[in-house]
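Participant: Below: sequence and its predicted model.
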Number of protein chains: 4
Amino acid sequence: MSQSSINLDIANRIPLQPIADVAREKLGLDPSQIELFGRYKAKVPLASLPPFPSKSESKLILMTAMTPTTAGEGKTTTLIGLVDALNKIGQKAVAALREPSLGPCFGLKGGGCGGGYAQVVPMTDINLHFTGDFHAVTSAHNLLAALVDNHLYWGHEPHLDPRRVTWGRVLDVNDRSLRSVVTGLGGKANGFTRESRFDITAASEVMAILCLATDLQDLQQRLGNIKVGRRVNKEMVFAKEIQAEGAMTALLKEALNPNLVQTLEHNPALVHGGPYGNIAHGCSSVVATKAALTLADYVVTEGGFGADLGAEKFFNIKCRQAGLTPACAVVVGTIKALKLHGGAKEKALEQEDLGALRQGCQICCVIWKM
Amino acid sequence: MSQSSINLDIANRIPLQPIADVAREKLGLDPSQIELFGRYKAKVPLASLPPFPSKSESKLILMTAMTPTTAGEGKTTTLIGLVDALNKIGQKAVAALREPSLGPCFGLKGGGCGGGYAQVVPMTDINLHFTGDFHAVTSAHNLLAALVDNHLYWGHEPHLDPRRVTWGRVLDVNDRSLRSVVTGLGGKANGFTRESRFDITAASEVMAILCLATDLQDLQQRLGNIKVGRRVNKEMVFAKEIQAEGAMTALLKEALNPNLVQTLEHNPALVHGGPYGNIAHGCSSVVATKAALTLADYVVTEGGFGADLGAEKFFNIKCRQAGLTPACAVVVGTIKALKLHGGAKEKALEQEDLGALRQGCQICCVIWKM
Amino acid sequence: MSQSSINLDIANRIPLQPIADVAREKLGLDPSQIELFGRYKAKVPLASLPPFPSKSESKLILMTAMTPTTAGEGKTTTLIGLVDALNKIGQKAVAALREPSLGPCFGLKGGGCGGGYAQVVPMTDINLHFTGDFHAVTSAHNLLAALVDNHLYWGHEPHLDPRRVTWGRVLDVNDRSLRSVVTGLGGKANGFTRESRFDITAASEVMAILCLATDLQDLQQRLGNIKVGRRVNKEMVFAKEIQAEGAMTALLKEALNPNLVQTLEHNPALVHGGPYGNIAHGCSSVVATKAALTLADYVVTEGGFGADLGAEKFFNIKCRQAGLTPACAVVVGTIKALKLHGGAKEKALEQEDLGALRQGCQICCVIWKM
Amino acid sequence: MSQSSINLDIANRIPLQPIADVAREKLGLDPSQIELFGRYKAKVPLASLPPFPSKSESKLILMTAMTPTTAGEGKTTTLIGLVDALNKIGQKAVAALREPSLGPCFGLKGGGCGGGYAQVVPMTDINLHFTGDFHAVTSAHNLLAALVDNHLYWGHEPHLDPRRVTWGRVLDVNDRSLRSVVTGLGGKANGFTRESRFDITAASEVMAILCLATDLQDLQQRLGNIKVGRRVNKEMVFAKEIQAEGAMTALLKEALNPNLVQTLEHNPALVHGGPYGNIAHGCSSVVATKAALTLADYVVTEGGFGADLGAEKFFNIKCRQAGLTPACAVVVGTIKALKLHGGAKEKALEQEDLGALRQGCQICCVIWKM
């Protein structure tokens, strides 16, 4: 039985609470303050929330890790466990996680919903379309691309140089055939022939922007500042110069609202935004983190990859941009990773003590007070 | 003030009912039998519905039109008006409409939500992401495309001929640059270089299949029968031969459930599926039509374009496939269209009696009893 | 033994005369008036020739044919036979033929040097590089293409629209892969990405021009008038606007001089130019025909394909342009073609009387006095 | 007046000798032993030459240079001067030079025919089509490319992987748009869509092979050993496996014979082959060098670029392959280059003593006895 079957089996044996109940009991949110997506998912409209206080008493905790091995060291699992534990001892704690990408989900890697008894659910929904945020980012990104090519086609001011367009397209699917493409074939009616590319949606600049924006107005301004290419004289051209930011914002209006789900112990988790850690800041959205800080006393969130990359980006990009002050960081380490970094062979190691390592019992956490 | 601003203005002045209330009052559906998407949209899971009776007493009415002019003759408006009118005189009537495509919505044409006092609402939501059905079709279609290219890449059995792959990709955006593309550039690691294309999502064969499928099992079987290309020896290769249909069905599981919204008079409308009339059958989904026939006494639905195309496809494709027997057809005609088909100049005509024509007061309907 | 082996065998058994001897004895040209290319090929510089008389006494004879079958009806063979026969009876007669294309020569069809005892030699040389005329056309054509793309690259006046460039490239090779290509890939440094094509050299407009030009000055003017594309405002752009015609003329300077070879009976043949009959006028060069008319009393030349196409183009394009007045036409017909046009099956026919037909004894010629 | 106009002016004032006279007087070759290409160019068929002696008394001298500046240090000029000088003092000396490429000739760089009173002539002919060697290499290279794509098209054994074809195409033109292309577009009939490239002819592997081959048989064997790509199982596929080497050799038959022209002092120069020094061995042909060594007592030849590259390749590739033992090397150095390498600014330097440097009076040569 594979680990993901075990996860699914555990999740299926525990009945979910209606998300409206979780919202009311754990966050004090009235049903009229949330928007249901089926029975177990909801969006929390920013308008429903009290204004983010300039000096919040709530504690922001970062979950990060030592340099991870291929399988990952268990940041998400530890994070969910910590939130459940804090709730168990009577504290009001919320998880703030990233949304998994559909692409890798159908590819090699599993989703990012935790495992064992430390999961956020409903896992399959979260791993597939969830509340449509990734689709909205895909639509907004590709709308800008279509506007760029349409702009070129009609030769409008500002005169973009077709060879210097830098804005590509995205799809939420793992498809190596789309990494490098030529578009605009089939004659003059199909526009300028250009070399272009498709990235996966998690790598979209729109995704990075969505996760840094503080409200719709800020979102629109940031979208307008996207650089799409250059004029023949090499001056940069921005999305706002081709009037793209309004329609893009319309497409992202719902996506900006954080998503609410639950852990297996029925504690609240805001799962929102999924920018790639290797090319963007790799943290869940600013609006979700701030929402969590207005709704709970402890907010546990994470950064991508190890501390050297994810924690640095969290502190230096997300926190600075959003004016957040983390209270402490938890650094996940495993004996397995320590052994590997020390020179052990992965293969030998895996056979030796696989069971124990997978179940995470050897995870040691170092709490680093800020 | 443009017609679409007028429509929006009218819609904004009339408060919507919670869709759960519409479902309960007009369709007898308990809140636990529907899945909310926010307050004013819902999906009706097929499992919530009584089995479709072999001999239904409910009447199925087709709304069609004489050969339409550029602006359209008003099928959707008349349809909504007829449903509201039937409800007004105490009948239990439901509209069964197609979902509008995001692509044309940001392009030239308006959405397909009616106009004036004959609208389905919330219009902006329906016109943008709605409940994600188009996104699910896009994902499933492109997943199959990625699997095809991955299959080619690894040279697996059955050996597809890269020159004879017929399955393209789709995006729900109007983008002429994507009509004809070359994919797989950038060297061997990015796979076989191939000529390909992007259609809009409404033109996807997956969309046509979704609208003809009767349940998840039937959907999966139809998806498996999609032809993706040919072997070198010219034998056809089907989606099921590369094990694609399971994952595609998983992506379409929610999309198969009909969407429920309301007219401005708070009568129920099932808006579900949007296959292109020019290349597919152009009718809303079979499951929505059957659901409507189990929930109401009168179901008014429409076919794309004029009677010669849309009604023919409705009768000969959708009804035959689904075992439906329409009770009658309403054929919309307008004095404007009659004049134009008779040789009048469109320009002159528009200036002459624009106001009256636009408000639809000259529409004459012919009811054709089956 | 195949027909082409038989042809080669016949040709090998007959020793060639030095072409300088043929030029002196049959055309009265001194060695200093020709340019040797090896021992058996020569170019006749236009400067060596007396001016073309306004009223020539020499007779121009067109060899054409009834609608041909796949194998051809024997225009070239009959033409060479006629020239040899006229010389045999003491007349001064010259053949004026087209140069064969290297592309089809390595492809399906044989060259165009006649067969049996009616050949022009040295056949292999003529079929391969000959005196480099095709290579010169290839170079001049592709130089213009390079100048067009270079012009686009630097954005010089006149501002060509990259989508409206109509000038492609040529190669003298049968290569289906080059029919439709995308050029300018690999990033900005490699210029505008464009859809383009390679035709075979015989289909080049430069080849058609070379065959209609009367001298270097006329050639340069015609080259300057080549249309290479359009501006964004749709105005046409010509080769002279990007200063291409001078360099192109330099590359074609030698190619404009007619080539002299011999028949197996050591009679002179001017083999010069090879424009495609299906897209251009399909006749050998005007300069070679005029040169022949100043050097001999009878000049026999041919047009491509059947009389309906080749003779029409010869009379209406080449003769009108060049001010030539043909004295008569010989129309080749064969019993085989008559049978086939009458409905006989090619396969059956070929088995029945293959030998006789191939040796041409059933060819009947109709002489049509102008 | 530019340097190239000065060169042309000098060349035009000195009447050329018929090349047949040069061949007879300076090399002892009878007119029947050479093949004329016009009056001033000839090919020396390998069959005309005595066999290359195992121990030749003739001296082979390499002209090379210190690391050159942008303008070049004058290897060719010095070489021609040395040959003229040796002849002046009664020695039998021949130059063995590379043919210039048409591409760079119409691009930035001048041809490679020397300058001032140290030129080989007729310069324009040599710089343009010359005797067609480059065209023959282009044809042979592209024929192999066409055979590769035809082989792929029909799916013949050995099964080439379309993604692993490494053989590109060449054209003798400077055209950045052709550096990176996609071929085989336009549907199945045009074959496999592939990423490919055009190099300039001087960079063709066929050119390198032509310059290393010792006779037609050796040429054919080397052509057969060209690697064109790999099978799906990654095994290499060679030109001989698709039967390409015979037709390629036929196209190169004439090109393998060295070309004979003269210096302005009417001394013989064999100008033959032009492989690129940066990617191939950059020396003129082995057959021309050997022919020169059988016909004269001193043969002066050159390698591309500076001594570190060109002399190394000459000694270690050409001489080893061909069994040649150079007698000495002349290393050209200039005060200008010494100054520049010492850190002087090129701009300042050029203004200072341009005239003198350009006329080469400051060239100092170091003779390096082997």
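Facilitator: Nice, thanks for sending it over. Numbers count the residues shown, from 1 in each chain, chains lettered A, B, ... in the order given.

Participant: The residue of the stretch 201-350 of chain A found nearest chain C: neighbour count?
Facilitator: Nearest to chain C, among the residues of the stretch 201-350 of chain A, is A:Val232, at 5.9 Å (Cβ to the nearest Cβ). C-betas here are computed from N, CA, C, even on glycine. For A:Val232, the neighbour count with other Cβ atoms under 10 Å in any protein chain shown is 13.

Participant: and the closest residue in space to it that isn't next to it in sequence, what does it touch?
Facilitator: Closest residue to A:Val232 in three dimensions, ignoring its sequence neighbours and counting by Cβ to Cβ, 6 or more residues apart in numbering or on different chains: A:Asp161, at 4.6 Å. Contacts for A:Asp161 (Cβ atoms under 8 Å, 6 or more residues apart in numbering or on different chains) come out as A:Gly229, A:Arg230, A:Arg231, A:Val232.

Participant: Surely the last one and C:His156 touch.
Facilitator: Looking back up the chat, that one is A:Val232. No: here A:Val232 does not reach C:His156: they are 11.8 Å apart, not a contact under Cβ atoms under 8 Å.

Participant: Show me what from the stretch 101-250 of chain A comes close to chain D.
Facilitator: A:Val182, A:Leu185 (Cβ under 8 Å from any Cβ of the partner chain).

Participant: got the residue ranges for the helices in the stretch 101-250 of chain A?
Facilitator: Shown for the stretch 101-250 of chain A, the helices assigned by DSSP state H, counting those that start in this stretch span residues A:102-106, A:123-127, A:133-154, A:205-212, A:216-224, A:245-252.

Participant: What score does A:Lys109 have for pLDDT?
Facilitator: Listed pLDDT for A:Lys109 reads 44.

Participant: mind showing which ranges of the stretch 201-350 of chain A have poor pLDDT?
Facilitator: A:350 (pLDDT under 70).

Participant: could you pull out the strands for it?
Facilitator: A:227-231, A:236-238, A:259-263, A:268-271, A:298-302, A:328-334 (DSSP state E, counting those that start in this stretch).

Participant: Touching the fourth one from outside, list them.
Facilitator: Counting by Cβ under 8 Å, 6+ apart, strand A:268-271 makes contact with A:22-23, A:26-27, A:44, A:80, A:83, A:94-99, A:120, A:126, A:130, A:258-263, A:284, A:288-289, A:291-292, A:295-296, all of which sit outside it.

Participant: does A:Met63 count as helix, strand or coil?
Facilitator: Secondary structure assignment for A:Met63 (DSSP: H, G, I helix; E, B strand; the rest coil): strand.

Participant: swap in A:Ser5?
Facilitator: helix.

Participant: Got phi/psi on the residue positioned nearest the centre of chain A?
Facilitator: Closest to where the C-alpha atoms of chain A average out (Cα atoms, centre = their mean) is A:Gly274, at 1.8 Å. For A:Gly274, the backbone dihedrals (degrees, to the nearest 10) come out as phi -150, psi 60.

Participant: low pLDDT regions in the stretch 51-200 of chain A?
Facilitator: A:54-55, A:103-111.

Participant: For it, which segments count as strands?
Facilitator: For the stretch 51-200 of chain A, the strands defined by DSSP E, counting those that start in this stretch occupy A:59-65, A:93-97, A:114-115, A:118-121, A:160-165, A:169-171, A:181-183, A:194-196, A:198-200.

Participant: for those, which one ends up most surrounded?
Facilitator: Highest mean neighbour count among the strands of the stretch 51-200 of chain A (mean count of other Cβ atoms under 10 Å in any protein chain shown): strand A:93-97, with a mean of 29.

Participant: tilt between that strand and strand A:298-302?
Facilitator: 20 degrees (axes from the mean of the first three to the mean of the last three Cα atoms, to 10 degrees).

Participant: residues in contact with strand A:93-97?
Facilitator: A:26-27, A:76, A:79-80, A:82-83, A:86-87, A:112, A:120, A:263, A:267-272, A:284, A:288-289, A:292, A:295-302.

Participant: could you give the angle of it to strand A:59-65?
Facilitator: Using the same axes, to 10 degrees, strand A:93-97 lies at 50 degrees relative to strand A:59-65.

Participant: how far away is the residue nearest to A:Gly306 when sequence neighbours are not counted from chain D?
Facilitator: Nearest residue to A:Gly306 in three dimensions, chain neighbours excluded: A:Thr67, at 4.3 Å (Cβ to Cβ, 6+ apart). According to Cβ to the nearest Cβ, to the nearest Å, A:Thr67 stands 34 Å off from chain D.

Participant: now swap in A:Leu251 and tell me
Facilitator: 33 Å.

Participant: before we move on, what about A:Tyr276?
Facilitator: Distance from A:Tyr276 to chain D, by Cβ to the nearest Cβ: 27 Å.

Participant: Now do the contacts for A:Glu25.
Facilitator: So A:Glu25 contacts nothing (Cβ under 8 Å, 6+ apart).

Participant: Kindly list the main-chain dihedrals of it?
Facilitator: phi -70, psi -40.

Participant: Kindly provide the distance from it to A:Pro268.
Facilitator: From A:Glu25 over to A:Pro268 the distance is 9 Å, taken as Cβ to Cβ, to the nearest Å.

Participant: Isn't A:Asp27 up against A:Thr294?
Facilitator: Not Asp; residue A:27 is Leu. No: when contacts are counted by Cβ under 8 Å, A:Leu27 is not listed as touching A:Thr294 (9.5 Å).

Participant: With neighbour numbers in mind, choose between these two.
Facilitator: A:Leu27 (22 against 15).

Participant: show me what contacts the residue nearest to that one when sequence neighbours are not counted?
Facilitator: Leaving aside its sequence neighbours, A:Leu27 sits nearest to A:Leu295 (Cβ to Cβ, 6+ apart; 4.6 Å). The contact partners of A:Leu295, by Cβ under 8 Å, 6+ apart, come to A:Leu27, A:Gly28, A:Leu29, A:Leu49, A:Val94, A:Pro268.

Participant: contacting residues for the residue nearest to A:Gln17 when sequence neighbours are not counted?
Facilitator: Excluding its sequence neighbours, the residue lying closest to A:Gln17 (Cβ to Cβ, 6+ apart) is A:His266, at 4.7 Å. Counting by Cβ under 8 Å, 6+ apart, A:His266 makes contact with A:Leu16, A:Gln17, A:Val22, A:Lys26.

Participant: filter the contacts of A:Asp161 to the buried ones?
Facilitator: A:Gly229, A:Arg230 (16 or more other Cβ atoms under 10 Å in any protein chain shown).

Participant: between the contacts of A:Asp161, which is nearest A:Leu212?
Facilitator: Set against A:Leu212, the nearest of the contacts of A:Asp161 by Cβ to Cβ is A:Gly229 (22.3 Å).

Participant: Excluding chain neighbours, what is closest to A:Ala337?
Facilitator: Excluding the flanking residues, the one nearest A:Ala337 by Cβ to Cβ, 6+ apart is A:Thr69, at 5.1 Å.

Participant: what number of residues lie near the one you found?
Facilitator: 17.

Participant: That concludes my questions; thank you for your assistance.
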